[in-house]
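In: coords please:
(chains A and B)
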Amino acid sequence: MAGLGRACLLLALAVCAYGVWASIYGVRSGRLEFSVSGRRSVYALAGILTVAFVVLEIAFLRNDFTFNTVADTSSRTTPAAYRASAVWASQEGSLLLWAWLLSLWSSLALFLTRDRMRDVAAYATAILLGFGGFFISLMLFYANPFATTHPAPAEGQGLDPLLRFPTMMIHPPMLYSGYTLCTIPLAFGMGALLARRLDADWIKAIRRFAFAAWLFLGVGILLGARWSYAELGWGGYWGWDAVENASLMPWLTGTAFLHSLMIQEKRGMLKVWNVSLVLATGTLAIMGTFLVRSGILSSIHAFGGATLGVPFVALIGILIAGSIYLVVSRRDMLRSQHRLDSLLSRESIFLANNLVFVGLCFVIFWGTYFPLISEALTGQEASVGPPWFDRYTVPLALILVLLSGIGPVIAWRRATLANAWRNFLAPLTFALLTLLVLLAAGIADKPGAIAMFCIAAFVFGSIGQEFFRGVRARRAMAGERMPVALLALVRRNRRRYGGYIVHLGIAVIFIGVAASSSFQHASELGLSPGRSTHVGAYTIRYVRPTATITPKYDAAHTGSTLSLGAVLDVSKGGRHVATLNPSQGFYASQDASQGSVGSLIGGQPVSHISMDAGVTRDIWSAIQPNIEAPQIKRILTAGNRTLTPEDALVAIGVLARTYLQHPPTAQFHFIVSPLVMWIWIGGLIVFGGGLVAIWPAPSAVRRRVAARSRARAVRGLARA
Amino acid sequence: MSLVVAILTLVLLAVVLLVVSAPLRAAQRSRRESGGYSPAEPDRGGADLERDELEAAREAKYREIRDAELDYRTGKLSREDYESIDSALRAEALEILNRLETSAG
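Out: Predicted coordinates:
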C-alpha cells in the first residue's frame, strides 16, 4: 500500500501544479471555468491527501514496519491510541499532516467564498495550492512518509516516551491547524493585493478564518504548556524554547489583526497595517514550521537531523519579498478613508494594543532568531534565556492587560474625559482595593506580581461593569428578566461580549502566571526513605520506594521496562494533605553494547511527575532514582555477564527487589506553586469567549428583514 | 506496484479528473448549446464587485450604529455625543443604501 501513498503524492503534486496554472489563467483571461477548475483542484487535493493519510494511519495501526516511518516511531508494544498519533511524531508524517490540514481548511475557505471575490479567490487558490505543492515536494524529494525497507524489521523503535501522553496526541493537530489556517488570510490578502481589490469584502471573508487560526493556535500553545508542566520533569509551563516562541509570534500578530480589522471595517483605516499584519502572520507561521524542520535546533520539539532548511528559507524569502513588493506597489489603494476622531477613543486603544502586540512579537523574534543568526555567522553558540525574555515581555504584558481593561469602557469614535472618568471609577476603585489587600498581606516585595494583580482587578472591574450596564440597558429596553437579558445581550452582540470574555480569560491567565512565577517555592535535594523536607508551608516525607516491572509485550501505558519511584506524604501543620507517587521510567535501548540487561533499561529515562493540583496551589514532585548505586550496578554487571537477552528480565526483577529492600538516596524536585490552575481555567475562558465571538450570526432571513427595517429607519431619519 | 494499488490509483486519477474537469466540460457544453462563447458561470463584472463591497460596507455601518447605541446605553457616550455620532452614522448608511439602489438600478 506504500505504492498507493507514493502515487497519491505524485498525483497531489500534479493537481497542485495544474490548479495554480488554471486559477491564474482563469482570472487573467476571464475564463471563469478555469478559475472554478482551479478551486476544484483544492477539493481534489484534499481528497487525495485524505487517502494518503488513511494509508499511513493503517500502516501504523497494522504495525507495517516496511514503512520506514512506522519502524522509526512505533512498535508492537506501543498502545493503539499512541500508534494512531505516532503518524505525526516523525518529520515525514508531520509534513503529511500539515499538507492534509492545509488542503482541508483551504477547501472550506474556498467553498465558503465560492460566490464572492472571484478574482481575489482565484489568486488565493493559486497561492494555497503553491503552499500545498511546496509541502508535497518536500515529502517527495526530502522526507517521504511512504519510503519503505524490505525486508521489514521484526520490531519498530517505538514511540518516544516523551510523546506517550494524551495532550501530545492532540497538540500537533491543533497547532498545525492553527499554522495552516494562518496561511488562508495570507493567501486572500495577497490575492486582494494582486487583484487590486482592497475593499471591505476580503476582510469580511477572511475574518472568520483569522479567528479560527487564532483559536486553534492558542489551544495548541496552551496544550503544549500543559504538557510541559504536567508531564516533563522540569516543573515549568513555558521555557521560552525557540519552538514555543515560534508558535506564539503568529498568535500575537494574529491577535493584533483581529483587533485592528475592526477599525478597518468601521472606519476604513489601517489598511496598510492590516494587510501587513496578515502577511506577517502567515509568514511567521511558515517560519515556525521552518524552525522545527531545518535542523538548526536541538529541542524536544525539533525533528533532529532534518535537511529542509534550504527549501524553507527560499519559501520564506519569496513570501517576505513578495509581501513587501505587493504592499509598496499598491500603497495608493491602501490609503485610509478616515482619520482618528479622537485620541480618547476605542480606536486609539486598539492602535496602542496593536503596537504592544507587535512590540512583544518583535522582542520574541529577536530573542529567538538572533542567537541562531549569530551562531550561523560566527560559529559560536549564543543563547538568550528566560531572564532576557522576562525583562522585556513582562512590562509589555502588563501594558497589554491594562489596555484590555481600558478598551471596553471607552466609546468608539470619541469619548469625553468626564465620561471616561465616570467609567473608570469603579474599576479603578476595585484595583486600589486589591492593592490595599495585597499590601496588608505583606507582599510588597513583589512589585511585578502586585502590578499584575491590580491590573487584573481593574480588568475584572471594567468587564463586570460592562456586563452589568449592558444587562441593565437591555432590561430597560425589553423588560426581560436578568438571565434572559444577559443571554439576549450576548447573542445580539457576540463580537463585543465574546471579546470581553476573552479579555477576562487573559487577565485570569496572567494572575496564574504572576502568582506561580513570583510566589513559587522549589527545592531540589536527596532524600532517603523516612526523611522529610519543608517546601513553603508543606512538609514532604519520603515514605517508601516503589518499583514496577513491565512485561515485554504488554500494552502498558508507559511502555517502560522498569519504573522506579516513591510514595510521598504531604502534610501541612501536621495534617495530611496529599499522597504523591512520582516515578521514573527506564526504557529499552537498541544499543547492544550496554549488555543484555543494561540494554533493557538503557534507553532515555522519562520522568513521570506526580502532582496534587488545587484551586489555590499545586504541589508538584519529580524523582530521579539512583541506578548508579553500587548494589544496583552489581546486579547489572552480573546480569550482563551471565544472562542472555531472553533471560535478562530476571535480572530486572532482582534489581527491582533490591531497590525496594535497600533503596539508595534518590534526588527529588519539589515545587509548590500558587494559582497555576487558573492558567488553564483562564485558557478555557479565553477560548470560550472566542467561540462566542465567532459563532455565526442569526439566520440570513432574519438578517434580510432586519436590514430592510434598518433601511427604512435610516431613510426616515434622513427625511426628518 | 501491485495490481490492487494500480487499480486504486487509476480510480483515484479518474475521480480527480472528473472533479477538476467538470467546469471545463460544462463550459464546453454551454458553448455548444448556445452556439457561441458562454462562460461556465455568469461573468461578475465591476458592478457586481461594487455591490459586494457596498453590502459589506452596509453591514459594517449597521454594526457601527448598533455599537454607538450600546455605547450610549452603557454610559460611554453622553447624549449629545451619541446624537451627533448617530446622525453622522445614519447619514453614512443612507449614502451606502443610495449607492446600492443605484448599482441595482
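
In: Please count neighbours and contacts with C-alpha atoms only from this point.
Out: Fine.

In: Low-confidence stretches in the stretch 451-600 of chain A?
Out: Low-confidence segments of the stretch 451-600 of chain A (pLDDT under 70): A:551-559.

In: Just want the residue of it that's nearest chain B.
Out: Closest contact between the stretch 451-600 of chain A and chain B, by CA to the nearest CA, is at A:Arg469 (5.1 Å).

In: Show me what the helix or strand harbouring that residue is packed against.
Out: A:Arg469 belongs to helix A:447-478 when elements are defined using DSSP states H and E. Under the contact definition 3 or more CA pairs under 8 Å, 6 or more residues apart in numbering or on different chains; DSSP states H and E, helix A:447-478 sits against helix A:386-406, helix A:417-440, helix A:482-492, helix A:494-518, helix B:46-73.

In: could you give the angle of that helix to helix B:46-73?
Out: If you take axes from the mean of the first three to the mean of the last three CA atoms, to 10 degrees, helix A:447-478 sits at 100 degrees to helix B:46-73.

In: list the buried ones in the host helix or strand of B:Leu24?
Out: Here B:Leu24 sits within helix B:3-34, counting by DSSP H and E. Residues B:5, B:9, B:12-13, B:16, B:20-24, B:27-28, B:30 are the ones in helix B:3-34 that count as buried (16 or more other CA atoms under 10 Å in any protein chain shown).

In: what does stretch A:408-425 give?
Out: By 16+ other CA under 10 Å, the buried positions in stretch A:408-425 come out as A:408-416, A:419-420, A:423-424.

In: I'd like those written out as a markdown table, with distance to chain B and pLDDT added.
Out: Output for the buried residues of stretch A:408-425, formatted as a markdown table (distance: CA to the nearest CA, whole Å; pLDDT from 0 to 100):
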| residue | distance to chain B | pLDDT |
| --- | --- | --- |
| A:Pro408 | 9 | 90 |
| A:Val409 | 7 | 89 |
| A:Ile410 | 6 | 88 |
| A:Ala411 | 5 | 84 |
| A:Trp412 | 7 | 82 |
| A:Arg413 | 8 | 78 |
| A:Arg414 | 8 | 76 |
| A:Ala415 | 6 | 76 |
| A:Thr416 | 8 | 78 |
| A:Asn419 | 6 | 80 |
| A:Ala420 | 7 | 81 |
| A:Asn423 | 7 | 89 |
| A:Phe424 | 10 | 92 |
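
In: Deepest-packed of the helices and strands packed on helix A:447-478, please.
Out: Highest mean neighbour count of the helices and strands packed on helix A:447-478: helix A:494-518, a mean of 23 (counted as mean count of other CA atoms under 10 Å in any protein chain shown).

In: so which two of the buried residues of stretch A:408-425 are the farthest from each other?
Out: Longest distance between any two of those is 17.8 Å, between A:Arg413 and A:Phe424; criterion CA to CA.

In: Check whether the worst-scoring helix or strand of chain B on mean pLDDT comes near chain A.
Out: Sorting the helices and strands of chain B by mean pLDDT, DSSP states H and E puts helix B:46-73 at the bottom, at a mean of 82. Yes - if you take CA under 8 Å from any CA of the partner chain as the test, helix B:46-73 does meet chain A, through B:49, B:52-53, B:56-57, B:60-62, B:64, B:67-68, B:70-71, B:73.

In: Show me what that helix is packed up against.
Out: Helices and strands touching helix B:46-73, by 3+ CA pairs under 8 Å, 6+ apart, are helix A:200-231, helix A:242-267, helix A:447-478, helix B:79-104.

In: could those go into a markdown table alongside distance to A:Pro664 and mean neighbour count?
Out: Below are those laid out as a markdown table (distance: least, CA to CA, whole Å; neighbours: other CA atoms under 10 Å in any protein chain shown):
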| stretch | distance to A:Pro664 | mean neighbour count |
| --- | --- | --- |
| helix A:200-231 | 25 | 22 |
| helix A:242-267 | 37 | 23 |
| helix A:447-478 | 40 | 21 |
| helix B:79-104 | 76 | 16 |
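
In: Turn the ones you listed into TSV, including distance to A:Asp647.
Out: Formatted as TSV, these follow (distance: least, CA to CA, whole Å):
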stretch	distance to A:Asp647
helix A:200-231	32
helix A:242-267	43
helix A:447-478	57
helix B:79-104	84
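
In: right, so of those, which gets closest to A:Thr113?
Out: Between A:Thr113 and the helices and strands packed on helix B:46-73, the tightest spacing by CA to CA is seen for helix A:200-231, at 7.0 Å.

In: The closest residue to A:Thr148 other than its chain neighbours: neighbour count?
Out: Among residues not flanking A:Thr148 along the chain, A:Phe67 sits closest, at 4.5 Å (CA to CA, 6 or more residues apart in numbering or on different chains). Residues within reach of A:Phe67, counting by other CA atoms under 10 Å in any protein chain shown, total 23.

In: per-residue pLDDT, A:Phe67?
Out: A:Phe67 is assigned 92 on the pLDDT scale.

In: Do I have it right that it meets A:Ala2?
Out: Yes - counting by CA atoms under 8 Å, A:Phe67 touches A:Ala2, with 7.3 Å between them.

In: intersection of neighbour lists for those two?
Out: Common neighbours of A:Phe67 and A:Ala2 are listed as A:146-148 (criterion: CA atoms under 8 Å, 6 or more residues apart in numbering or on different chains).

In: Weed out the non-buried ones from those.
Out: Buried among the shared contacts of A:Phe67 and A:Ala2 (16+ other CA under 10 Å): A:146-148.

In: Please verify my assumption that the residue of the stretch 451-600 of chain A closest to chain B contacts B:Thr74.
Out: Yes - using CA under 8 Å, A:Arg469 and B:Thr74 qualify as a contacting pair, with a distance of 5.1 Å.

In: circling back to that earlier point, okay, the residue nearest to A:Thr148 and A:Ser599: tell me how far apart.
Out: Separation of A:Phe67 from A:Ser599 (CA to CA, to the nearest Å) stands at 25 Å.

In: which regions of chain B sit below the pLDDT cut-off?
Out: For chain B, the stretches with pLDDT under 70 are B:1, B:35-49, B:104-105.

In: how does it divide into domains?
Out: B:1-43, B:46-104 (automatic domain parsing).

In: any chance of those domains in TSV, with distance to A:Arg40 too?
Out: Below are these laid out as TSV (distance: least, CA to CA, whole Å):
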stretch	distance to A:Arg40
domain B:1-43	5
domain B:46-104	22
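
In: wait, which of the ones you listed is closest to A:Glu646?
Out: A:Glu646 lies closest to domain B:1-43 among the domains of chain B, at 38.1 Å (CA to CA).

In: Alpha carbons only: can I get stretch A:663-673 in PDB?
Out: In PDB, the C-alpha atoms belonging to stretch A:663-673 read as follows (Å, rounded to 0.1, in the frame of the first residue of the first chain):
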ATOM      1  CA  PRO A 663      16.700   1.900  48.500                       C
ATOM      2  CA  PRO A 664      19.500   4.400  47.800                       C
ATOM      3  CA  THR A 665      19.100   8.100  48.300                       C
ATOM      4  CA  ALA A 666      17.000   9.500  45.500                       C
ATOM      5  CA  GLN A 667      17.100  13.000  44.100                       C
ATOM      6  CA  PHE A 668      13.800  14.800  44.300                       C
ATOM      7  CA  HIS A 669      12.500  18.000  42.800                       C
ATOM      8  CA  PHE A 670       9.600  19.700  44.600                       C
ATOM      9  CA  ILE A 671       7.600  22.700  43.600                       C
ATOM     10  CA  VAL A 672       4.700  24.400  45.400                       C
ATOM     11  CA  SER A 673       3.100  26.900  43.000                       C
END
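
In: OK, contacts around the residue nearest the centre of chain B?
Out: When chain B is reduced to its mean C-alpha position, the nearest residue by CA atoms, centre = their mean turns out to be B:Asp52, at 5.4 Å. Contacts for B:Asp52 (CA under 8 Å, 6+ apart) come out as A:116, A:201.
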